[in-house]
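Student: after the sequence you'll find the predicted model.
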Amino acid sequence: TQLLEQSPQFLSIQEGENLTVYCNSSSVFSSLQWYRQEPGEGPVLLVTVVTGGEVKKLKRLTFQFGDARKDSSLHITAAQPGDTGLYLCAGAGTYKYIFGTGTRLKVLA
Amino acid sequence: GAGVSQSPRYKVAKRGQDVALRCDPISGHVSLFWYQQALGQGPEFLTYFQNEAQLDKSGLPSDRFFAERPEGSVSTLKIQRTQQEDSAVYLCASSLLLPSGRVGSGANVLTFGAGSRLTVL
């Protein structure tokens, strides 16, 4: 069974602080995606990383795929209240995406 | 349609009742997925359809759960004799291709519906 563990599970920070969310697995994935989910809605894709060692930036968000394609990280610089939500990583299998355990982020103004 | 539509948004069932949850994916999307999500947790895979073929149902928790997509578009997830542990949000997602197809092209990006929240009393 492929499992994706995210850490931390919960994070409450002040506006302007930086943070990093980790997504770890013992399995290799062909690609990995990061999603953000807000209450009452489905997850929305933020980014897809494909190549080991790949780094992608999306405004204040930086995503990295591990060299061995087993882990990934999401770094947010100068967090804002609008970043509040549930962050999910998802690894691609043949017929499914395996989602991580989730990191709930709350950014206080 | 422009997005993935799920209905009903909220369903309250008495234990033992049967429920049916509907998913209307984006037109032309080959892949359709059902996930179960507990509060504050990541979605758990239930089943996958490629057009009308159910290629993976390994995540269905018991034989009380049944899913179909008879014409390769709309899908229905049916839960028979509901139990309290079935209470969750059921998410449907669709994508143009299957997960391993043209990785990074955007064609295998999941678009989710807003979910159906099932509460079993």
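Tutor: Arrived safely, thanks for sending. Numbers count the residues shown, from 1 in each chain, chains lettered A, B, ... in the order given.
Student: A:S26: neighbour count?
Tutor: Neighbourhood size, A:S26 [other Cβ atoms under 10 Å in any protein chain shown]: 11. C-beta: built from backbone N, CA, C; applies to glycine.
Student: nearest spatial neighbour of it, skipping sequence neighbours?
Tutor: In space, and not counting its chain neighbours, A:S26 is closest to A:K70: 6.8 Å by Cβ to Cβ, 6 or more residues apart in numbering or on different chains.
Student: where does the chain have low pLDDT?
Tutor: Reading this off chain A. Counting by pLDDT under 70, chain A shows low-confidence ranges at A:1-2.
Student: other chain: chain B
Tutor: Checking chain B against pLDDT under 70 turns up B:1, B:99-107.
Student: now the residue of chain A found nearest chain B: how far from A:S7?
Tutor: Closest contact between chain A and chain B, by Cβ to the nearest Cβ, is at A:G42 (2.8 Å). Going from A:G42 to A:S7 by Cβ to Cβ, to the nearest Å gives 23 Å.
Student: quick one: name the residues of chain B near chain A.
Tutor: Within chain B, the positions near chain A by Cβ under 8 Å from any Cβ of the partner chain are B:4, B:33, B:35, B:40-45, B:48, B:50, B:55-56, B:59, B:91, B:93, B:98-100, B:103-104, B:106, B:108-110, B:112-115.
Student: tell me which stretches of chain A form helices.
Tutor: Along chain A, no segments are classed as helices by DSSP state H.
Student: strands along that one, start to end?
Tutor: Per DSSP state E, chain A carries strands over the ranges A:5-7, A:10-14, A:19-24, A:32-37, A:44-49, A:55-58, A:61-65, A:71-76, A:85-92, A:97-99, A:103-108.
Student: same check on chain B?
Tutor: Here chain B has its strands, by DSSP E, at B:5-7, B:10-13, B:19-24, B:31-37, B:44-50, B:53-56, B:65-68, B:75-79, B:88-95, B:111-112, B:116-120.
Student: which strands or helices does the third one pack on?
Tutor: Helices and strands touching strand B:19-24, as assessed by 3 or more Cβ pairs under 8 Å, 6 or more residues apart in numbering or on different chains; DSSP states H and E, comprise strand B:5-7, strand B:10-13, strand B:75-79, strand B:88-95, strand B:116-120.
Student: the residue lying closest to A:F99 once chain neighbours are set aside: neighbour count?
Tutor: Nearest residue to A:F99, sequence neighbours excluded (Cβ to Cβ, 6+ apart): B:G42, at 3.9 Å. B:G42 sits with 23 neighbouring residues when counted by other Cβ under 10 Å.
Student: how about B:G42, what does it touch?
Tutor: A:L4, A:Q6, A:L88, A:F99, A:G100, A:T101, A:G102 (Cβ atoms under 8 Å, 6 or more residues apart in numbering or on different chains).
Student: noted, bye for now.
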